[in-house]
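Chemist: I would like to see how this sequence folds:
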Amino acid sequence: MAKTTRPTISDVAKAAKTGKTSISRYLNGEKHLLSDALLARIEHAIAELDYRPSLMARNLKHGRTRLIGLIIADITNPYSVHVLSGIEAACREKGFTPLVCNTNNEVDQELHYLDLLRSYQVEGIVVNAVGMREEGLNRLQQSSLPMVLIDRKIPDFACDVVGLDNTQAATTATEHLIEQGFEALLFLSEPLGTVNTRRERLDAFHTTLARYPGVVAENAETPLHEASQIDNALRQFHSRHRGMRKAVISANGALTLQVARSMKRIGLHWGSDIGLLGFDELEWAELAGVGITTLKQPTWQIGYAAVEQVVERIEGNSDTVRERVFSGELIVRGSTAR
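Modeler: So this is what the prediction gives:
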């Protein structure tokens, strides 16, 4: 089958028996400069040819693309999916189109997409850097485009950030477990590295428990997909504190899933044998056993606010770098019940 040729502005002009200047005036909203008869011919030609002007070409003519690049480290992460929903809503409301790039946590892809977004002349970039590696983060610092980071800061890089109030959230989660009578708490996270979200949550955990010297405070780091390490961390924590009410705080939703699987493997039941509280609300949390208590992040609002901020920068706002944080919501279920 022969490829259908897309009609051009010249085709419309020929069908309407006029010049391209008149068609341009019509498309640019200058219809008052055209006669009623000419308007009718142009409208008929556009409908007959099913002509659709190239928005990219028109925007570039005015020095704009109305494109915002979105770099996501892992689009399978539920957090990223919900943030993306807020980003899309804000872009639609403000007249921008998001170009979504999922790097799948691969450094080569991160660098490729950064170059690609520049070639598309995006006007700004929103980066959901959860899981992004150092090489990709370093490349971001070299970009001169307006940029907003979601959830994670980059060391020594002055950039707008939107995310959770980690101190407030971790304090709320820790105090809830203390109020529920737990006597030994384990904060479990992926390796801290330079990830500020993990460090801020852990710091708030220890700061809170410093006010309760009778409660045991421990923390451990384990790679997300190292099942044996998670098993050992939980098994040893449970054995060290036999006879005490114990609970685990999981630092993010992806890790909470692995912790739940680990507890199943080693025969621990959340809600009876051990408490469990996870950052990030998960769709399955209320269905798992007696339910898992979570610290819900306002992910849609975070995504929306990130676009608001990058659009302000695109439009020339040169105020000092801003960090905007949102409060989390504790959703209590059976995993932390007395």
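Chemist: can you give me the helices for the stretch 1-150 of the chain?
Modeler: In the stretch 1-150 of the chain, helices defined by DSSP state H, counting those that start in this stretch lie at 9-15, 20-27, 36-49, 55-61, 78-94, 107-119, 134-141, listed in chain order.
Chemist: do you know which of these lies nearest residue 311?
Modeler: With distances scored as CB to CB, the stretch of these nearest to residue 311 is helix 78-94 (5.4 Å). To be clear about C-beta, it is placed using only N, CA and C from the backbone, and glycine gets the same treatment.
Chemist: burial of residue 187, as a residue count?
Modeler: When neighbours are defined as other CB atoms under 10 Å, residue 187 has 24 of them.
Chemist: picking that back up, nearest to residue 305, of the helices of the stretch 1-150 of the chain?
Modeler: With CB to CB as the criterion, residue 305 lies closest to helix 78-94 of the helices of the stretch 1-150 of the chain, at 7.7 Å.
Chemist: Tell me which of the helices of the stretch 1-150 of the chain lies nearest to residue 296.
Modeler: Nearest to residue 296, of all the helices of the stretch 1-150 of the chain, is helix 78-94, at 10.1 Å by CB to CB.
Chemist: who touches that closest one?
Modeler: Surrounding helix 78-94, the residues in contact under the criterion CB atoms under 8 Å, 6 or more residues apart in numbering are 68, 70, 72-75, 97-98, 100, 126, 128, 130, 150-151, 252-253, 280, 282-283, 297, 299-308, 311.
Chemist: Least reliable of the helices of the stretch 1-150 of the chain by average pLDDT, please.
Modeler: Of all those, the segment with the smallest mean pLDDT is helix 55-61, scoring a mean of 54.
Chemist: Give the ChimeraX command for selecting the buried subset of the contacts of helix 78-94.
Modeler: Here is the ChimeraX selection string for the buried members of these, based on 16 or more other CB atoms under 10 Å:
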select :68,70,72,73,74,98,126,128,130,150,151,252,253,280,282,297,299,300,302,303,304,305,306,307,308,311
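Chemist: The contacts of helix 78-94 in strands, which ones?
Modeler: Of those, the ones assigned to strands by DSSP state E are 68, 70, 72, 97-98, 100, 126, 128, 150.
Chemist: Output those in CSV, with pLDDT and distance to residue 52 appended to each entry.
Modeler: Formatted as CSV, the entries for these read as follows, by pLDDT from 0 to 100; distance: CB to CB, whole Å:
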residue, pLDDT, distance to residue 52
68, 92, 22
70, 91, 25
72, 86, 29
97, 91, 15
98, 91, 20
100, 90, 23
126, 93, 28
128, 80, 32
150, 91, 33
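Chemist: Let me know the closest of the residues you listed to residue 190.
Modeler: Looking at the ones in strands among the contacts of helix 78-94 and their distance to residue 190, the nearest is residue 128, at 16.3 Å (CB to CB).
Chemist: Test of understanding: give the bridge partners of that closest one.
Modeler: residue 72, residue 150 (DSSP bridges).
Chemist: residues in contact with it?
Modeler: With contact taken as CB under 8 Å, 6+ apart, residue 128 is in contact with 70-73, 80, 83-84, 150-151.
Chemist: give me every residue that touches residue 225.
Modeler: Taking CB under 8 Å, 6+ apart as the criterion, residue 225 is in contact with residue 258.
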